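Q: return a 3D structure for these sequence lines:
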Amino acid sequence: MQLEINVIDAFTDTVFKGNAAAVIITDDWLTEDLMQSIAFENNLSETAFIVADDEGLYHIRWFSPFTEIAFCGHATLASAFVLFKKNPTVETIQFSAKAVGVLTITQTDTGKIQMDFPNRMPERIDNIPEALSAGLSIAPTAVYCNEQAYFVVYNSESDVLTVDRDNEKLKELAPRDVVVTCQPESKDYNQYDFISRYFWPANGGDEDPVTGSVHTGLAPFWAQRLGKNELCAYQASSRGGVLDCVVVGNRVLISGNAVQYMTGFITVEG
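A: This next block holds a predicted model:
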């Protein structure tokens, strides 16, 4: 069996930047074992699998090299990019995923793709897990938490950029991952409202280049702190990525660019 595969760099307009995701569209679901094997072989942060129903709704599932992921932003952006490219007259599409419901995706006049996600505002916790404290080289200023991750807040930009982690310790936090964040202070990042890095040894690997899903928590957190609902964020990994965020009640609109890296075919049994 041959399957078309597209690899898209998301949250960037430059190849080799942002976060790469593979997108595979099929008429029917492949087996879970096969989808996981393909994701492992691709060895990207996520591989997205899409099946359309008779009503034109796209059902989407995301797999890291290790496991199925409940919610992935950058692979949703990559998937929308592929579908818009295949259907150039379409301006809006909808994805359905078990953990987050129906997601409306729009191609904007600026060329960016806007995704309508649930607001997953984190809450402050006072009892910081020992594995979190031991897993980071710099002590947090404060820690918040939602269903996806622990949000470690730092006062210093240098703390976010230089913090080391012990992946074996952070794995003990499963199923949650860890995001570190701060308000930038240097001229290198002063065009952004906040910056972050995302560590996910329990679910996908070492450091995720750009993580759209965690910005459904970061955006409302910083919107509340900064007193503004429109924010521009930068994820400060080695590849880097830019996310435009708008907090609207119980929704968070996240927009970004995407660029094609590869299209081709894979041959599998199944």
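Q: residue ranges for the strands of the stretch 1-150 of the chain, please.
A: Along the stretch 1-150 of the chain, counting by DSSP state E, counting those that start in this stretch, strands occupy 2-10, 19-25, 46-52, 58-63, 68-69, 92-97, 101-107, 113-118, 123-124, 142-145, 149-153.
Q: can you redo the ones you listed as CSV with mean neighbour count, mean pLDDT and distance to residue 193?
A: To be clear about C-beta, it is placed using only N, CA and C from the backbone, and glycine gets the same treatment. Formatted as CSV, the strands of the stretch 1-150 of the chain follow (neighbours: other Cβ atoms under 10 Å; pLDDT from 0 to 100; distance: least, Cβ to Cβ, whole Å):
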stretch, mean neighbour count, mean pLDDT, distance to residue 193
strand 2-10, 21, 98, 20
strand 19-25, 26, 98, 20
strand 46-52, 23, 98, 26
strand 58-63, 22, 98, 27
strand 68-69, 20, 96, 26
strand 92-97, 17, 97, 27
strand 101-107, 16, 97, 22
strand 113-118, 20, 98, 18
strand 123-124, 10, 98, 20
strand 142-145, 18, 98, 17
strand 149-153, 25, 98, 14
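Q: in the stretch 101-250 of the chain, which ranges drop under the pLDDT threshold?
A: Counting by pLDDT under 70, the stretch 101-250 of the chain shows no low-confidence range.
Q: I'd assumed residue 51 was in contact with residue 28.
A: Yes: if you go by Cβ atoms under 8 Å, residue 28 and residue 51 touch, sitting 6.4 Å apart.
Q: buried stuff in stretch 237-251?
A: Across stretch 237-251, burial judged by 16 or more other Cβ atoms under 10 Å covers 237, 239, 240, 241, 242, 243, 244, 245, 246, 247.
Q: the fifth one in helix, strand or coil?
A: Per DSSP: H, G, I helix; E, B strand; the rest coil, the local secondary structure of residue 242 is strand.
Q: tell me who's in contact with it.
A: Contacts for residue 242 were tallied using Cβ atoms under 8 Å, 6 or more residues apart in numbering; they are 11, 12, 192, 232, 233, 234, 256, 257.
Q: can you pick the most crowded of those?
A: Using other Cβ atoms under 10 Å as the neighbour test, the contacts of residue 242 are led by residue 11, with 33 neighbours.
Q: for that residue, what are its contacts?
A: Contacts of residue 11 were listed using Cβ under 8 Å, 6+ apart, and they are 18-19, 74, 77, 210, 212, 235, 241-243, 256-258.
Q: again, only this time at 7 Å
A: Residue 11 is in contact with 18, 19, 74, 77, 210, 212, 241, 242, 243, 256, 257, counting by Cβ atoms under 7 Å, 6 or more residues apart in numbering.
Q: number of nearby residues for residue 125?
A: By the criterion of other Cβ under 10 Å, residue 125 has 14 neighbours.
Q: where's it relative to residue 140, distance?
A: According to Cβ to Cβ, to the nearest Å, residue 125 and residue 140 sit 10 Å apart.
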